[in-house]
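Q: Fold the following.
(one chain, ligands or ions: 2)
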Amino acid sequence: MKALITGITGQDGAYLSEFLLSKNYEVHGIVRRSSSFNTGRIDHLISKHTSDGKLQLYYSDLLDSSSITNLINNIQPDEIYNLGAQSHVAVSFQNPILTTQLGTLGSITILETIKHLDKKVKFYQASSSEMFGGTSKELLDENSLFDPKSPYGASKVFAHDITKIYRESYNVFGVNGILFNHESPLRGETFVTRKISKAVGRIAAGIQSKLTLGNLDASRDWGYAKDYIEGMWLMMQYDYPEDWVLATGVTKTVRDFAEEAFKYVNLNWEDYVITSEKYFRPNEVDYLLGDSSKAREVLNWKPSVDFKGLVKIMVEHDINEAKKDFTLLKDNLISPTWEYPKL
Ligand code: NAP
Ligand code: F7E
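A: Numbering: from 1, shown residues only. Ligands and ions are numbered 1, 2, ... in the order given. Below you'll find the predicted structure:
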């Protein structure tokens, strides 16, 4: 089996590559050119698979439709996972046009290309719980209404709808995975869970003194990324292309996450966390809670890590990272920072 992944250098792309390689897939991924290396999450896979050709990377970009189409035509993959995006909701308010272009053009380019192929190529679109908007405290499933609150959420609604349209109009095997927040040690460091776990590790190691956050009242249904990767793959193996929700069914506030993370190192979160308007958004998704009954019943999918377990995995990882930073600091190889990251 051959898979093509956009967004292979991101959190999900890295775990998905590892998962598919373990199932003996040939994995192809697009990497955007950057002035510094952006393959850190998959470097271990690159070194393992350079000789056997099981992992192949190409410079491309979701905005370069011609390059994406050429790659699909040349590779002739069995499955395409469209994970590439400007995935930071707060940044989507600052870069709305780029976020919208990336979120919309990639999906339609891939769908148009596979519509014209003789081979039946399966397509996975990374849809998001952000599409629901989270205004009321309801349990959200595949039939819940979309009411996005950000340029990011709006772009995901387009990609979701166009996937469904190609499925219904042209019989394309287009799957929408509506994934609620999923986190891990590979999570980008400016998302709130990783920002907290990273700070907790650094505060415990004595190389950071404070953590500045935004809205502590926002509530999210947080799961473990590795569980969700398996769910994505299961959706693609099902007989029919459909929409699927993946979620834990438990929602917790940002405050809960901070409290649990600091508790892990026997510290009181209130002694370290301050809030700043800087991290509030022009519009907020207040409350997300997912109902993944369909995936649980039909795909036999279920999350293996609960909220406490997720916090533990992330904080333990970042304690070890901070210990390495502490050694560098001791040897004067890095300078102490008051807070990390700055953005
Ligand atoms: P992520 O870590 O931010 O990864 C995003 C990926 O997209 C990276 O590989 C990034 O490349 C790539 N990318 C950005 N701009 C691109 C461009 N112009 N051309 C090609 N690739 C580009 O996101 P993630 O958490 O793995 O999420 C994967 C997908 O699922 C995203 O579409 C996200 O919106 C969606 N999603 C995520 C969650 C979640 O909780 N994690 C939930 C629902 C849906 P660089 O490494 O070079 O930046
Ligand atoms: O924010 C609040 C913030 O940026 C979570 C993406 O993967 O999941 C992710 O989007 C909540 C929000 O993730 C800070 O206001 C408070 O209410 O970690 P986040 P997100 O916006 O939920 C969805 C499903 C996706 O699809 C997205 O791609 O936390 N919050 N203080 C903060 N958030 C950040 N980033 N930083 C803070 O300091």
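
Q: How about the contacts made by the closest residue to ligand 1 within the stretch 1-150 of the chain?
A: Nearest to ligand 1 in the stretch 1-150 of the chain, going by Cβ to the nearest ligand atom, is residue 10, at a distance of 2.0 Å. Where C-beta positions appear, they are placed from N, C-alpha and C, glycine not excepted. Shown in contact with residue 10 (Cβ atoms under 8 Å, 6 or more residues apart in numbering): 41, 83, 84, 87, 188.

Q: For it, grab phi and psi.
A: phi -90, psi -180 (degrees, to the nearest 10).

Q: List buried residues within the contacts of residue 10.
A: Listed as buried from these are 41, 83, 84, 87; burial here means 16 or more other Cβ atoms under 10 Å.

Q: ok, the nearest residue to residue 252 once chain neighbours are set aside to residue 181 distance?
A: Of all residues not flanking residue 252 in the chain, residue 307 sits nearest, at 5.6 Å (Cβ to Cβ, 6 or more residues apart in numbering). Distance of residue 307 to residue 181, given as Cβ to Cβ, to the nearest Å: 11 Å.

Q: Spell out which residues are contacts of both of those two.
A: By Cβ under 8 Å, 6+ apart, the residues touching both residue 307 and residue 181 are residue 222.

Q: More neighbours: which of the two?
A: The neighbour comparison of residue 307 against residue 181 (other Cβ atoms under 10 Å) goes to residue 181, with 22 against 18.

Q: which ones are touching that one?
A: 129, 193, 220, 221, 222, 223, 288.

Q: Show me those that map onto helices.
A: Using DSSP state H, the subset of these located in helices is residue 193.

Q: May I ask which two of the contacts of residue 181 are separated the most?
A: 129 and 193 (14.5 Å; Cβ to Cβ).

Q: Contacts only, for the closest residue to residue 254 other than its chain neighbours.
A: Leaving aside its chain neighbours, residue 254 sits nearest to residue 216 (4.9 Å; criterion: Cβ to Cβ, 6+ apart). Contact analysis of residue 216 by Cβ under 8 Å, 6+ apart lists 253, 254, 255, 258, 273, 275.

Q: Turn the residues you listed into TSV, columns for secondary structure, neighbour count and pLDDT.
A: Shown next, in TSV, are these (DSSP: H, G, I helix; E, B strand; the rest coil; neighbours: other Cβ atoms under 10 Å; pLDDT from 0 to 100):
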residue	secondary structure	neighbour count	pLDDT
253	strand	16	98
254	helix	22	98
255	helix	17	98
258	helix	25	98
273	strand	19	98
275	strand	14	97
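
Q: Tell me the one of those nearest ligand 1?
A: residue 254 (14.3 Å).

Q: ok, the closest one - contacts?
A: Residue 254 touches 192, 196, 213, 215, 216, 217, 218, 219, 220, counting by Cβ under 8 Å, 6+ apart.

Q: Once you drop chain neighbours, what's closest to the last one?
A: For residue 220, ignoring the flanking residues on the chain, the nearest one in space by Cβ to Cβ, 6+ apart is residue 181 at 4.7 Å.
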